[in-house]
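> below: sequence and its predicted model.
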Amino acid sequence: MAARLAAHPPATIAAALDERGWARLPALLSAEECAATAALYATPDPALFRSEVVMARHGFGRGVYRYFAYPLPPLVGALRTGLYAALAPVANQWQARLGEAVRFPAAHADYLARCHAAGQQRPTPLLLRYGPGDYNCLHQDVYGAELFPLQVAVLLSAPGRDFEGGEFVLTEQRPRLQSRASVVPLAQGDAVVFAVRTRPVRGSRGDYRTQLRHGVSEVRRGSRHTLGIIFHDAA
């Protein structure tokens, strides 16, 4: 995992985020790792997940997702720790560009200690499952005052084979302009890095702030599983 993450240095991720608003990390997980992670959804172990959300009950869309409990599965924990280390320098650059005083520590354990001291102690990595007709409305994953500005989604299913439709969608609201939408092309095992809420964009008078939301379009056929990696814990 360390070697795979090293293939995506922070400078390369930052450049892609600046150019498009998202950064794709190809083949972050193998097909076998994807299948094993998706299979956790059907595990009989009640201690693996802390809660389940049926999206239709809350107006979030259609589909179901489950938040992992601590301790996280080894692969999920390794991804969260390694990705945080790669993204913390980018997050701190964003903070400086946006004039924010808060900085993020290099180690995820230190950041989690800050979250827990603020009363945010519930783990936020999650496993999402979509079937035919399911979708996820545009949203932001904000769980408290402590917020790490970047998050990651890993597609565990194979488009065209396991499902059709279900594209990952980002919208960006720009000051005094209409919103821009992006559809991120993902293959099985690919990850996408994107902003939780806001990101800096370079303009003629310096950096300005845009608002982003993300979601998933309607699945037309099959079953789609996604692993979500959020770095701040929830209150």
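Alright, I've got the coordinates.
> what's the pLDDT at L177?
We note a pLDDT of 78 for L177 in this prediction.
> checking my notes, it in a helix, right?
No. Using DSSP: H, G, I helix; E, B strand; the rest coil, the secondary structure at L177 is coil, not a helix.
> mind listing what's buried in the helix-or-strand element of the chain with minimal mean pLDDT?
Least confident helix or strand, the chain: helix 2-6 with a mean of 88, by mean pLDDT, DSSP states H and E. Buried residues in helix 2-6, counted by 16 or more other CB atoms under 10 Å: L5. (C-beta placed from N, C-alpha, C; glycine too.)
> show me what it is packed up against.
Contacts defined by 3 or more CB pairs under 8 Å, 6 or more residues apart in numbering; DSSP states H and E place helix 2-6 against helix 74-97.
> ok, A113 to L72 distance?
In this view, A113 and L72 are 16 Å apart by CB to CB, to the nearest Å.
> could you check which of the two has the larger neighbour count?
Set side by side, A113 and L72 show more neighbours around L72, with 17 against 12, by other CB atoms under 10 Å.
> and the residue most central in space within the chain, helix, strand or coil?
Taking CA atoms, centre = their mean as the criterion, V152 is the residue nearest the geometric centre of the chain, at 2.8 Å. Classification of V152 by three-state DSSP places it in strand.
> can you give me the distance of it to A195?
Distance of V152 to A195, given as CB to CB: 11 Å.
> go on, H8?
Distance of H8 to A195, given as CB to CB: 17 Å.
> out of these two, which sits in the busier spot?
A195 (23 against 20).
> ramachandran coordinates for the spatially closest residue to that one that is not a sequence neighbour?
If the residues on either side of it in the chain are set aside, A195 comes closest to L212, at 4.6 Å by CB to CB, 6 or more residues apart in numbering. Dihedral angles of L212 (phi, psi; degrees, to the nearest 10) stand at phi -120, psi 150.
> same check on L17?
According to degrees, to the nearest 10, L17 has phi -60, psi -40.
> surely it and V201 touch.
No. At 10.0 Å, L17 and V201 do not qualify as touching, with contact defined as CB atoms under 8 Å.
> and the two? which has more neighbours close in?
Counted by other CB under 10 Å, L17 and V201 do not tie: L17 has more neighbours, with 21 against 15.
> residues touching the more buried one, list them.
Residues in contact with L17 (CB atoms under 8 Å, 6 or more residues apart in numbering) are 23, 90, 193-195, 199.
> closest one of these to R97?
R97 lies nearest to R199 out of the contacts of L17, by CB to CB, at 9.2 Å.
> which non-adjacent residue is nearest the closest one?
Per CB to CB, 6+ apart, closest to R199 is T210, 5.9 Å.
> tell me the secondary structure at the one you found.
Secondary structure, three-state DSSP: T210 is strand.
> and it, what does it touch?
So T210 contacts 21, 172-175, 198-199, 201 (CB under 8 Å, 6+ apart).
> understood, closing this out.
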